[in-house]
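*Asks:* A structural model of the following input is requested.
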Amino acid sequence: MSIRIFVDQPEGSFAPVWDYFGYDEPNYTYAPNGQKLLGELAALSPVPVYVRTHNLLTTGDDSASLKWGSTNVYTEDPSGRPVYSWAILDHIFDTFRANNIRPLVEIGFMPEALSTHPEPYRHNFPQGSIYTGWAYPPKDYRKWAEVVFQFVHHLRDRYGDTEVKTWLWELWNEPDIEYWKGTPEEYFKLYDFTADAILRAFPEARIGGPDSTGPATTKAAEFLRMFLEHCAHQKNYVSGRVGSRLDFIAFHAKGAPQWQDDHVRMGLSRQLASIEEGFKIVSSFHEWRSTPVILGESDPEGCAACSARTYPQNGYRNGELYAVYTAEAINDTYVLARREYIQLAGVVTWAFEFESQPYFEGFRELATNGLDKPVLNVFRMLGLMGTERVKASSSGALPVESVIRLGVREQPDVNVIATRKDHEIEILVWNYHDDDLPSASTPVDLSIDGLPASLRRALLEHFRIDFDHSNAHSAWKTMGSPQSPTPPEYSQLARAAQLQTLGSPAWMSIEQGSLNLQFDLPRPSVSLLRISWR
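*Replies:* Below you'll find the predicted structure:
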């Protein structure tokens, strides 16, 4: 494959929209491994990271389990009078603050005392349905609004206007499916009461929604249209006037991997189809064409807490394929946003960590028992890139239209993003295919032109994620897959989990503003080449 970089030809900004993350279980935030991971996320990003969590108003005792969490913010005494408790919530938000994390505050779910169908309330995933009493509308919308007002007022009072002004606020999760046991109109009513309460508590808040599911399905697309129509043209349930406050638009996009006899076949085309359709729906409203869009969850599939033990197609999550898929999906998301003239503000990776689970169980997570998975290293690579994109081309790149229509099923997608900073360029190159099957490496011929004419030499650092590099999972398997690693073994795995270079940094000769490099790129793998000079 021939890859060409033109350092002196800028092509717009490369905003770090990828630095958004989320998870169901808010109580994992302050667990030791949760705090460690938040610190790593903050360290890898050049700007503050945003984090979105479910269950911030769910009733409970702060014990966490798969797809469950609670804060017990609101209960009622025997006479029905409100009782507020902020201790668990403060623990969560104090941890965010300590790690320089900005909350994307998801207001939900329904406190038990307000639910129209409170029992059963706590679920026991994966046994039975998760859509229990927390998913229902409130018995009293004004009581709900008062809870929201007190919630926002408390956070504003505790953390101050300067801090809270940087946060984002939204309502619920995926209200077009069983996460919301009411009608669409009841959700729109809840949205109006919630937005009004937020703004009464903090007039400078930025509010968005609806965080509905992927618009590649007809039902989800229609729900998103109905919500945008309500916010633009319909009567507000609180004020009686036309329209509702909407500072950003959020929807989700998920892929659909399948197990094919002896391997996983990823479903990237499904994820991209949802992104494309969602962007088109937003663009179809002249009122919302300039409104920022956040992909509230954008992932290879839908269930982070479903392990590979039960769903073998999820085994990709442990190794390098998840990292390479992420590079591919983020690049295609940028392309679609530019094509549809969308102000893309954020792309939430719904993955964090799970406490008290086996090593490399195949959950969709960034780390397992404190060991970073390869996917976290692709975010480290992205964090090293500049914010100004330069012209780059690859003879092995597939058009995004082809990927949406056909997936990456025939030839691989060998693609590239290049950025620049002062005295530095960064080149991200990856080799992706939907089918996780053995394949020969691809020889790459990389030409870099447009470097300063006076430059005579530059330092090359080549970072790599593949089976042998930046990969704790392959090191763990080589070790014999221990579920109780000894301290020396754990230290060895922790070293293997970090972003690694392919060889040592080396000084390269520059001739007439050009540099040529050759290397092999395995499938799947991703490289970041950083070239710097004084």
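*Asks:* going forward, measure contacts and count neighbours with C-alpha atoms only.
*Replies:* Noted.
*Asks:* Quick check: which helices or strands does the strand or helix carrying residue 529 pack against?
*Replies:* Assigned by DSSP states H and E, residue 529 falls within strand 525-532. When contacts are defined as 3 or more Cα pairs under 8 Å, 6 or more residues apart in numbering; DSSP states H and E, strand 525-532 packs onto helix 320-339, strand 424-432, strand 457-465.
*Asks:* which residues sit against it?
*Replies:* 320-321, 323-324, 327, 378, 381, 423-432, 458-467, 521 (Cα atoms under 8 Å, 6 or more residues apart in numbering).
*Asks:* in its sheet, what does that strand sit against?
*Replies:* Each strand paired with strand 525-532, and its direction, by DSSP bridges: strand 424-432 (antiparallel), strand 457-465 (antiparallel).
*Asks:* Spatially, and excluding backbone neighbours, which residue is closest to the residue positioned nearest the centre of the chain.
*Replies:* Centroid-nearest residue in the chain: residue 349, 1.5 Å away (criterion: Cα atoms, centre = their mean). Among residues not flanking residue 349 along the chain, residue 21 sits closest, at 4.7 Å (Cα to Cα, 6 or more residues apart in numbering).
*Asks:* quick one: the strands in the stretch 401-534 of the chain?
*Replies:* All strands of the stretch 401-534 of the chain, identified by DSSP state E, counting those that start in this stretch, fall at 413-421, 424-432, 442-449, 457-465, 500-501, 506-509, 515-521, 525-532.
*Asks:* Would you format those as TSV with mean pLDDT included?
*Replies:* As requested, the strands of the stretch 401-534 of the chain are exported to TSV (pLDDT from 0 to 100):
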stretch	mean pLDDT
strand 413-421	98
strand 424-432	98
strand 442-449	98
strand 457-465	98
strand 500-501	98
strand 506-509	97
strand 515-521	98
strand 525-532	98
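*Asks:* Save the ones you listed as JSON lines, and put in distance to residue 309 too.
*Replies:* Compiled in JSON lines, those are given as follows (distance: least, Cα to Cα, whole Å):
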{"stretch": "strand 413-421", "distance to residue 309": "29"}
{"stretch": "strand 424-432", "distance to residue 309": "25"}
{"stretch": "strand 442-449", "distance to residue 309": "32"}
{"stretch": "strand 457-465", "distance to residue 309": "24"}
{"stretch": "strand 500-501", "distance to residue 309": "29"}
{"stretch": "strand 506-509", "distance to residue 309": "43"}
{"stretch": "strand 515-521", "distance to residue 309": "30"}
{"stretch": "strand 525-532", "distance to residue 309": "24"}
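*Asks:* Need those strands in JSON lines (columns: distance to residue 218 and mean neighbour count).
*Replies:* Shown next, in JSON lines, are the strands of the stretch 401-534 of the chain (distance: least, Cα to Cα, whole Å; neighbours: other Cα atoms under 10 Å):
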{"stretch": "strand 413-421", "distance to residue 218": "29", "mean neighbour count": "23"}
{"stretch": "strand 424-432", "distance to residue 218": "29", "mean neighbour count": "24"}
{"stretch": "strand 442-449", "distance to residue 218": "39", "mean neighbour count": "17"}
{"stretch": "strand 457-465", "distance to residue 218": "37", "mean neighbour count": "21"}
{"stretch": "strand 500-501", "distance to residue 218": "44", "mean neighbour count": "18"}
{"stretch": "strand 506-509", "distance to residue 218": "53", "mean neighbour count": "14"}
{"stretch": "strand 515-521", "distance to residue 218": "39", "mean neighbour count": "14"}
{"stretch": "strand 525-532", "distance to residue 218": "35", "mean neighbour count": "23"}
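*Asks:* Show me the one of those that comes nearest residue 313.
*Replies:* Of all the strands of the stretch 401-534 of the chain, strand 424-432 sits nearest to residue 313, with 16.9 Å by Cα to Cα.
*Asks:* quick one: contacts of that closest one?
*Replies:* 7, 324-325, 327-328, 381, 384-386, 408, 412-420, 442, 521-533.
*Asks:* Tell me the secondary structure at the nearest residue to residue 132 once chain neighbours are set aside.
*Replies:* Excluding its sequence neighbours, the residue lying closest to residue 132 (Cα to Cα, 6+ apart) is residue 121, at 5.2 Å. Here residue 121 is recorded as coil under DSSP: H, G, I helix; E, B strand; the rest coil.
*Asks:* how close does residue 258 get to residue 524?
*Replies:* From residue 258 over to residue 524 the distance is 17 Å, taken as Cα to Cα, to the nearest Å.
*Asks:* Please apply the same query to residue 269.
*Replies:* 17 Å.
*Asks:* out of these two, which sits in the more crowded spot?
*Replies:* residue 524 (28 against 24; other Cα atoms under 10 Å).
*Asks:* and that one, what does it touch?
*Replies:* Residue 524 touches 320-321, 324, 430-433, 436, 466, counting by Cα under 8 Å, 6+ apart.
*Asks:* Over to residue 165?
*Replies:* Residues near residue 165 by Cα under 8 Å, 6+ apart: 204-205.
*Asks:* Could you do the one 5 residues further on as well?
*Replies:* Remark: with contacts taken as Cα under 8 Å, 6+ apart, residue 170 is in contact with 104-107, 207-210.
*Asks:* Just the buried ones out of those, please.
*Replies:* Among the contacts of residue 170, the ones that count as buried by 16 or more other Cα atoms under 10 Å are 104-107, 207-210.
*Asks:* need the residues you listed in JSON lines with secondary structure and distance to residue 402, can you?
*Replies:* Putting the buried ones among the contacts of residue 170 into JSON lines (DSSP: H, G, I helix; E, B strand; the rest coil; distance: Cα to Cα, whole Å) gives the following:
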{"residue": "104", "secondary structure": "strand", "distance to residue 402": "33"}
{"residue": "105", "secondary structure": "strand", "distance to residue 402": "36"}
{"residue": "106", "secondary structure": "strand", "distance to residue 402": "35"}
{"residue": "107", "secondary structure": "strand", "distance to residue 402": "38"}
{"residue": "207", "secondary structure": "strand", "distance to residue 402": "35"}
{"residue": "208", "secondary structure": "strand", "distance to residue 402": "32"}
{"residue": "209", "secondary structure": "strand", "distance to residue 402": "30"}
{"residue": "210", "secondary structure": "strand", "distance to residue 402": "29"}
